[in-house]
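[1] Model the following, please.
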Amino acid sequence: MKKPGIRYLSYLTLAVCFYLASCATITVNVYFPAEEVRDAYSSLEEEFLEEGANEGTDAQKPDETGVAQPTPAPESRIRYKEEPTLTSDTKVIVLRKGVTLDFGNYAWAQSNISSQITEKIRNMPEVINAYKSRGKRKNIINGMLKEGVVREGGQGLLVKAGTLPPQQQNAFNAENADRKIIIRGMAIAIVEINNLDPTPENIDKVLPEAGRQFASVRRSER
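    Numbers count the residues shown, from 1 in each chain. The predicted structure follows:
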């Protein structure tokens, strides 16, 4: 039989351990599948930049009978793997640091990760509008890049190489504004597929990596 003093000490030890455990901040990680993010960016650009470029033109073309036929939507050339996998390119972003590790937030649905990302962004009208808006100025921006008056920056935005005339400055400003919307939309999608709340704090932690992957796609297409 335990003496009262020993029993009291045991209770005190348990109470202290419980208190410390309750005060421990759980580390929350966001898993950022970089390869799948780049695939999603490329797929969305293929579809919606082209759609934006074609807006304002005839939406229908007559066939040989003279009957107008709808223009088919562009089909993405991206082909995805059947099952979701963590590639060696997957990055881990720590949202909050603490004592214990919690990997429970990382739970992909049983479908392709790139498709999950793309579908989430398809349900963000402001992001789709930003893609279409970029499509309408695609030729202007490509011309500016070819001239060397702007270049692709490391965070997904255009960077000026000098002073721009008013028309090019307006295109530069509008392009970067749309890119910010797209990159933020990607950050929201990544937070959500990690089963985390898309709070401003969580989104801001993911934004830099979302920007870097957007920049990687843009540079690869130059």
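
[2] Would you map the helices across this protein?
    For the chain, helices defined by DSSP state H occupy the ranges 4-23, 34-44, 50-54, 113-122, 125-136, 138-147, 166-193, 200-220.

[3] which of the ones you listed sits most buried?
    Stretch with highest mean neighbour count among the helices of the chain: helix 34-44 (a mean of 22; mean count of other Cβ atoms under 10 Å). To be clear about C-beta, it is placed using only N, CA and C from the backbone, and glycine gets the same treatment.

[4] elements contacting that helix?
    With contacts taken as 3 or more Cβ pairs under 8 Å, 6 or more residues apart in numbering; DSSP states H and E, helix 34-44 sits against strand 90-96, helix 113-122, helix 166-193, helix 200-220.

[5] Spit out the contact partners of the closest residue to residue 155 other than its chain neighbours.
    Of all residues beyond its chain neighbours, the one nearest residue 155 is residue 211 (4.0 Å), with distances taken as Cβ to Cβ, 6 or more residues apart in numbering. Neighbour list for residue 211: 154-157, 183 [criterion: Cβ atoms under 8 Å, 6 or more residues apart in numbering].

[6] need the helix or strand of the chain with the lowest average pLDDT.
    strand 100-102 (a mean of 34; mean pLDDT, DSSP states H and E).

[7] For residue 138, find the nearest of the helices and strands packed on helix 34-44.
    Nearest to residue 138, of all the helices and strands packed on helix 34-44, is helix 166-193, at 9.4 Å by Cβ to Cβ.

[8] That closest one packs against which elements?
    Contact analysis of helix 166-193 by 3+ Cβ pairs under 8 Å, 6+ apart lists strand 26-33, helix 34-44, helix 113-122, helix 125-136, helix 138-147, strand 158-160, helix 200-220 as its packing neighbours.

[9] quick revisit: is it possible to get a markdown table of the helices of the chain that adds mean pLDDT?
    Listed next are those as a markdown table, based on pLDDT from 0 to 100:
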| stretch | mean pLDDT |
| --- | --- |
| helix 4-23 | 58 |
| helix 34-44 | 94 |
| helix 50-54 | 75 |
| helix 113-122 | 93 |
| helix 125-136 | 97 |
| helix 138-147 | 96 |
| helix 166-193 | 97 |
| helix 200-220 | 94 |
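
[10] ok, residue 187 - contacts?
    Applying Cβ under 8 Å, 6+ apart to residue 187 gives the contacts 203-204, 206-207, 210.

[11] Could you rerun that using 7 Å?
    Applying Cβ atoms under 7 Å, 6 or more residues apart in numbering to residue 187 gives the contacts 203, 206-207, 210.

[12] With residue 124 instead?
    residue 185.

[13] What about it? Give its phi and psi, please.
    When read as degrees, to the nearest 10, the backbone of residue 124 gives phi -120, psi 90.
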